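Novice: next input, structure requested:
(chains A, B, C and D, ligands or ions: 4)
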Amino acid sequence: MRKLNYGKAINEALGQAMELCPDVIVLGQLVDYKSGIFGTTTGLVDRFGPKRVQDFPVSESVMTATALGASLVGLRPVLVHQRMDFMLYSVDAIANWLALWRFKSNGQSSVPVTIRVIVGRGWGQGPQHSKSLHAWFAHLPGLKVAIPATAYDVKGLLLESIFGEDPAMIIENRSLFSMNDHVPENAYRVRYGQATIRRKGKDLTLVAIGVMVPMALRVAEQLAKEGIDIEVIDPRTLTPFDETTICCSVAKTKRLAVADPGWYTGSFAGEIISRTCEHLGTQMKAAPLRVCLPDSHTPMSSALEARYYPSDEDVANRIRVMFGRQPACSAA
Amino acid sequence: MRKLNYGKAINEALGQAMELCPDVIVLGQLVDYKSGIFGTTTGLVDRFGPKRVQDFPVSESVMTATALGASLVGLRPVLVHQRMDFMLYSVDAIANWLALWRFKSNGQSSVPVTIRVIVGRGWGQGPQHSKSLHAWFAHLPGLKVAIPATAYDVKGLLLESIFGEDPAMIIENRSLFSMNDHVPENAYRVRYGQATIRRKGKDLTLVAIGVMVPMALRVAEQLAKEGIDIEVIDPRTLTPFDETTICCSVAKTKRLAVADPGWYTGSFAGEIISRTCEHLGTQMKAAPLRVCLPDSHTPMSSALEARYYPSDEDVANRIRVMFGRQPACSAA
Amino acid sequence: MTLSHEEIRRRGDYRDLSIDGFDHETLKKLYYFMLRLRRCELALIDEYHPADEMRCPIHFCVGQEAVPASLSLLLKHDDYLFTHHRSHGYYLAKGAPMNELFAELYGKASGANGGKAGSQDISHPQSRVYGGAILAGALGIAVGAGFGIQLKNTSQIAVTGSGEAATEEGIFWEAINFASVKKLPVVFVCENNRYSTHSPQENRQPPGNISSRVAAFGVRTETLFGNDVIKVYAALKKAVERARAGEGPTFVEAFTYRWNGHVGPENDDHIGYRTADEIEFWKRNCPIALLERQLFDQGVLSQADKEKMSAEIDEEIADAFAFAKASPFPEDADWRRLNLSPSTPLADRLLKDDASAQFDQNQQYAIPGPY
Amino acid sequence: MTLSHEEIRRRGDYRDLSIDGFDHETLKKLYYFMLRLRRCELALIDEYHPADEMRCPIHFCVGQEAVPASLSLLLKHDDYLFTHHRSHGYYLAKGAPMNELFAELYGKASGANGGKAGSQDISHPQSRVYGGAILAGALGIAVGAGFGIQLKNTSQIAVTGSGEAATEEGIFWEAINFASVKKLPVVFVCENNRYSTHSPQENRQPPGNISSRVAAFGVRTETLFGNDVIKVYAALKKAVERARAGEGPTFVEAFTYRWNGHVGPENDDHIGYRTADEIEFWKRNCPIALLERQLFDQGVLSQADKEKMSAEIDEEIADAFAFAKASPFPEDADWRRLNLSPSTPLADRLLKDDASAQFDQNQQYAIPGPY
Ligand SMILES: Cc1ncc(C[n+]2csc(CCOP(=O)(O)OP(=O)(O)O)c2C)c(N)n1
Ligand SMILES: Cc1ncc(C[n+]2csc(CCOP(=O)(O)OP(=O)(O)O)c2C)c(N)n1
Ligand SMILES: [Mg+2]
Ligand SMILES: [Mg+2]
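Specialist: Ligands and ions are numbered 1, 2, ... in the order given. The predicted structure follows:
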């Protein structure tokens, strides 16, 4: 099977969606420039013309409103935000309008707008270029939220969002863009609300969100050598959320850890732990575990970034402790 | 001791703060009009003049930025939003600036801005006048979040916020405004990060947030008659959060329920359950329980509002089931 | 020239309304719509409190009938109309049914939105009229509809109605900027009634007309006395025609006045934010009275015609009340279905299911370049 | 008159810079500041990649020295200055130390913000200069500082520097509206360099000057060729004096140009968003060259003076690099203390502790009235 990286898979999904349906349009700052938003929009304007691929003024708030209005007229807009931090100017449009449009119309009007939003990470992005507020958006009724970890998933979920009937947000972590995966050439779908078990295991269920998925898999591989057999689950979408797959796994392993690239307090990891405990609270063999970012804005300095973002070793050590083992020295 | 209602307690706190310190100012739409934001700002402009109590254009975004800038010059602004929904226009100013100012300045600059925000409820407020996104703001590093349930607490927490060094958000539910409580006349403080045990009990720890506190106390009284002895804890502030008081209680009762006036998925109730289970996960005698709003925007119709907001009976029944009892028929 | 509420009062009672050359059919329709809207609002006001059955905030628009009346004649079924919280005039202007409006206010299943939205968030998607209570929010969406229309290259237009306070929100200027850059088929109507709840415009905005600020963005504007329905109709007609012809957006600032309190049926005059004189002036110079005088004077309409119209309208109103009261409350509380679509027909048609591929985790994370 | 980048080029190489009547000290200081800023940026550009030790995005301001130079002479220590992402000129204009700037870029503990902020979010609170990378955000805060100054009734002012794209954000217009209504002591400087990353202004904004749109809000404006530092200085001087005198806000639109790519040391000309001719024109007509020619011609400064200045500046730069490189990385990762204050001195002084009262739950919730 053919391999593509995450960025190119997005590019392919956008191109295919635009081919499949003339109502699909792409809006965002610089989407029609050569640089192409980390390669994800490259070539689209040449193939589909400047009407369907449009640069937008630096007006995030009305950009979201524009997409909503255009969707009423029958279009299926895809918005692109280069950083989630920039999108915060449009929270009103998202929370007071887009997410509640269907509800407020009593189901008579739907607004299939897809918001692609990139989370910055690394090279000193600093506090205004690196927020990952997936927990916020997963809290909002009426908005689908995907946080794909692989090139395969991002293509399938992007297509599913564009051709679905609800507003959807695709949260893409910058660190994933260069990662390759098998990506079918056809226009396939990855459904919302279907977690995937990325590794089978019997001792611990490790749920990993977004950019934590590759890390979780590496940690599982490492700890397998130490006799801890980890089942790694990638929920793929946060709304709707597949709680069944996770509960079934925990019912078997009796242990749960969640790795989440968001701030600890109020993280979606907490949501997952709470749900699981609401169902299986008395059956757990160990207290559940959360690995998140500290409750702090992102420091710019690479020295602090290294402490701020959990490493493979950090995750492995937390799990070792859960199993009563000695934590390994963090390789400096 | 003297009694005051919640709205009047806020009014008294504002008046005292302005007397104690000339840097305290109040900004917000209509704060200087007779109607006085549900009575909370009544009379302030007469006592302190139109410079210190100012109406603001309908520009929520720059209003927050204005408060931040004014705080740099040494003022201690109090902002008032009549509904949390309106405040969403200023999420950028809150999340990208106010909450990260101290961090980004490496602790050299602080911005003591207090944001009073009212959550609408009842009389068909509908989806754009009733959001309670306390879980969102509790997720943000660098912002203190209080959700006082009583007149006593709202006065003390408001004073503590105004004279503290961090930006703080006070979330006030409209349904509480008429409720009386003992309120000392002096300028007292209620500290952040200190939960209060509102009722002692041994069978279940029921944590109730904000407007759910009176309900939790009524339910506890009711269920005491049925032999279930409930400890009711009011966290009072979500950031910082007093996890110790809750964990100590649950270590004793071995059972946890949380009543939260926010949407289920991603609620702060989930955060509380997760934290508690991370500490005490293997010691619980029953699976923990969350009582929240459904994952839905607020319906206008009173018929649907009645189903949307959990009632005393709903909470009581969920707890009865937890203890293996029969749920009582909901009084229609 | 800067028009303002003060300037309008300074000039004294309005005598410039002229129906010369206007065809009688249009005049009668304008009049009928205004009368209908007025009587509808007054009836709702009367009914509001006695039984407290309409349990939602309502921002009545008595006194502000001219803009909706004009739009009711100018907009086609395919056009889009977006309204702010003061919604009833716009709702009716787009031809949405009165009985569904009333049922919505009563929170009934047969309401325009099944009781989910109420007066301030109402919409009637079949009639392409959409509202919401967050100031200026619907206005941004109107620009989006205009953008969509432009891309689809149809002859539809999008119109948005709001108050003067909406122009204090940043998104208003983002919307104006974008509509201007793209020359979108959008008409912005601003009903400048001087107040935002109880706060007068001069406390919130610099002197001068809003339209002059909008004009600086390259958008065509009109500024006028908004209780002269003939002038309002003419200005909006030109604006609608321009938009339909692909000549870009127009902003119309119409000075008008609300009779009632900001919200609810009571007046809020005890707050002391406006004078009795001011209120009296605007009541005397209300859009219905001004037009009616001409129609009667010039024999276009008689008192008997008016009574016939009123009777017909009152019957419609009575029916709407009866419909609303007789309708059941919504039983429905399938929260999930109300918030997320249960089906994905287009995805089902265009996309294929596929077995998940196997991801290889042994790769480096991207090391972002310097930016 | 509408000024624009095209119009400026159409007029050909700039010959109007005149130093007549300007005192030599001021001229030398302006020149020195521009030279210092230029050499500082060029040195950072040279150093950026070889060792990749400055691991943060940097938006260089080579070519845009005139505005910061003017501000460096006009602002007092007590004044407030707010900058956007292209921050170095503003940072130095407020007298903040170069070595702490460099150490910040290197992510060191001795940096202006201890390595927390980097170039795009930098601030130096002791010098009252504050930045941030979210477009137009810092500008709203500047208005707040002006509001605070007005309430405190001091003679300070607040100045904010941004690019032309910041005016596309709604908060910009909210800020302008509010500053105008309250006549705040704020100076807005817009360095119009034509581009937002790679997107030219004409794709994003209607024709005409931004200043004409701002003027429609009742704010005084100036529009000028921003590479003529004498004109920039004069316009800003007037604006600063007005603000200090309580005469309200001014908006200055200064046309200028950045030499480098949008971000980072490389150029981004392979994107093809601007022509070689355009770049060449603006390099030829850069603020330093234009002033230098006059200073040399009129004997205010000699080549030898320049060399002496350059040597002095280069020493400062070398020291700043040495300081940055020798400084340790922050060890500090006390996340809680970094995000929330560990103490509340004012509350400790003004408030008393109190034992919690007993709340009685047997009360009805408020039944909100109709609204
Ligand atoms: C974002 C937001 N802020 C505040 C409000 C509260 N509010 C409701 S109506 C209103 C006044 C609006 O005035 P205007 O736009 O002039 O319309 P009018 O009520 O005069 O018709 C305000 C401030 C709101 N609905 N939305
Ligand atoms: C809210 C927001 N949206 C988008 C961006 C991305 N961005 C960074 S710089 C920039 C261009 C800004 O152009 P301008 O304001 O003219 O300043 P210049 O870079 O030209 O100096 C953009 C769009 C941002 N930082 N913030
Ligand atoms: Mg108004
Ligand atoms: Mg620019």
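Novice: what ranges do the strands span in chain A?
Specialist: A:3-5, A:24-27, A:53-54, A:76-81, A:114-119, A:144-146, A:168-173, A:180-182, A:196-199, A:204-208, A:230-234, A:237-239, A:256-263, A:289-293 (DSSP state E).
Novice: wait, which of the ones you listed is closest to residue C:242?
Specialist: Residue C:242 sits nearest to strand A:53-54 of all the strands of chain A, at 22.8 Å, using CB to CB. (Each C-beta comes from the backbone N, C-alpha and C, glycine too.)
Novice: how about the closest one against chain C, any contact?
Specialist: No. Applying CB under 8 Å from any CB of the partner chain, one finds strand A:53-54 separated from chain C by no less than 8.7 Å.
Novice: residues in contact with that strand?
Specialist: With CB atoms under 8 Å, 6 or more residues apart in numbering or on different chains as the test, strand A:53-54 has contacts from A:25-27, A:31-32, A:41, A:44-45.
Novice: so which elements touch the helix or strand of chain A with the lowest mean pLDDT?
Specialist: Lowest by mean pLDDT, DSSP states H and E among the helices and strands of chain A is helix A:36-39, with a mean of 89. Where contact means 3 or more CB pairs under 8 Å, 6 or more residues apart in numbering or on different chains; DSSP states H and E, helix A:36-39 is packed against helix A:6-20.
Novice: report the rounded mean pLDDT for the helix it packs on.
Specialist: Model confidence over helix A:6-20, given as mean pLDDT, is 98.
Novice: repeat for stretch C:11-21
Specialist: Mean predicted lDDT for stretch C:11-21 stands at 97.
Novice: so which bits of that stretch are buried?
Specialist: C:14, C:17, C:19 (16 or more other CB atoms under 10 Å in any protein chain shown).
Novice: and which of those is nearest chain D?
Specialist: The closest of those to chain D turns out to be residue C:14 (CB to the nearest CB; 27.7 Å).
Novice: which residues touch the spatially closest residue to that closest one that is not a sequence neighbour?
Specialist: Distance criterion CB to CB, 6 or more residues apart in numbering or on different chains; nearest residue to residue C:14, sequence neighbours excluded, is residue C:285 at 4.8 Å. Residue C:285 sits next to C:13-14, C:227 when contact means CB under 8 Å, 6+ apart.
Novice: do the same with residue C:147
Specialist: Residue C:147 neighbours (CB under 8 Å, 6+ apart): A:66, A:69-70, C:178, C:182, C:184.
Novice: any idea how far it lies from chain D?
Specialist: Per CB to the nearest CB, to the nearest Å, residue C:147 is found 15 Å from chain D.
Novice: any idea which helix or strand carries that residue?
Specialist: Residue C:147 belongs to helix C:137-152 when assigned by DSSP states H and E.
Novice: what residues of that helix count as buried?
Specialist: C:137-151.
Novice: quick one: mean pLDDT over it.
Specialist: For helix C:137-152, the per-residue pLDDT averages 98.
Novice: would you mind writing the CA trace of it as CSV?
Specialist: Output of helix C:137-152 as CSV, limited to C-alpha atoms (Å, rounded to 0.1, in the frame of the first residue of the first chain):
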residue,chain,number,x,y,z
GLY,C,137,-23.5,37.5,15.1
ALA,C,138,-26.3,37.0,12.6
LEU,C,139,-24.9,39.9,10.6
GLY,C,140,-21.6,38.1,10.1
ILE,C,141,-23.5,35.1,8.9
ALA,C,142,-25.5,37.2,6.4
VAL,C,143,-22.2,38.2,4.8
GLY,C,144,-21.4,34.5,4.5
ALA,C,145,-24.7,33.8,2.8
GLY,C,146,-23.8,36.7,0.4
PHE,C,147,-20.5,35.1,-0.2
GLY,C,148,-22.1,31.7,-0.9
ILE,C,149,-24.5,33.3,-3.3
GLN,C,150,-21.7,35.0,-5.1
LEU,C,151,-19.9,31.7,-5.5
LYS,C,152,-23.0,30.0,-6.7
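Novice: which is the next helix or strand following that helix?
Specialist: Past helix C:137-152, the next helix or strand by DSSP H and E is strand C:158-163.
Novice: does chain A sit close to whichever helix or strand comes after that following strand?
Specialist: Under the assignment DSSP H and E, the closest C-terminal helix or strand after strand C:158-163 is helix C:170-182. Yes. On the criterion CB under 8 Å from any CB, helix C:170-182 is in touch with chain A at C:170-171, C:174-175, C:177-178, C:181.
Novice: now, which of those residues sits nearest chain B?
Specialist: Looking across these and measuring by CB to the nearest CB, the closest to chain B is residue C:170, at 5.4 Å.
Novice: can you get me a residue count around that closest one?
Specialist: Residue C:170 has 29 neighbouring residues, counting by other CB atoms under 10 Å in any protein chain shown.
Novice: hmm, it is touching residue B:59, no?
Specialist: Yes. Using CB atoms under 8 Å, residue C:170 makes contact with residue B:59 at a distance of 6.8 Å.
Novice: quick one: the helix or strand harbouring residue C:6 to chain centroid distance?
Specialist: According to DSSP H and E, residue C:6 maps onto helix C:5-10. In terms of CA atoms, centre = their mean, to the nearest Å, the centre of helix C:5-10 is set 24 Å apart from its chain centre.
Novice: which other helices and strands contact that helix?
Specialist: Against helix C:5-10 (3+ CB pairs under 8 Å, 6+ apart) you get helix C:276-284.
Novice: now the helix or strand following the helix it packs on: average pLDDT?
Specialist: Using DSSP H and E, the helix or strand that follows helix C:276-284 in sequence is helix C:287-297. Taken as a whole, helix C:287-297 has a mean pLDDT of 98.
Novice: which residues does residue 151 contact?
Specialist: No chain in the question, so chain A it is. A:3-6, A:8-9, A:179-183.
Novice: hm, I was asking about chain C
Specialist: So residue C:151 contacts A:25, A:51-52, A:70, A:73, A:75 (CB under 8 Å, 6+ apart).
Novice: tell me how far it lies from residue B:198.
Specialist: Per CB to CB, to the nearest Å, residue C:151 is found 58 Å from residue B:198.
Novice: that older thread, any chance of the backbone angles for the residue nearest to residue C:14?
Specialist: Residue C:285 adopts backbone torsions of phi -110, psi 40, taken as degrees, to the nearest 10.
Novice: and it, how far from residue C:259?
Specialist: Taking CB to CB, one finds residue C:285 at 12 Å from residue C:259.
Novice: show me what from chain C comes close to ligand 1.
Specialist: By the rule CB under 6 Å from any ligand atom, the part of chain C lying against ligand 1 is C:59, C:85-86, C:133-135, C:162-166, C:193, C:195-197, C:262.
Novice: and if we set it to 5 Å?
Specialist: By CB under 5 Å from any ligand atom, the part of chain C that sits against ligand 1 consists of C:86, C:133-135, C:163-166, C:193, C:196-197.
Novice: farthest pair within these?
Specialist: C:134 and C:193 (18.6 Å).
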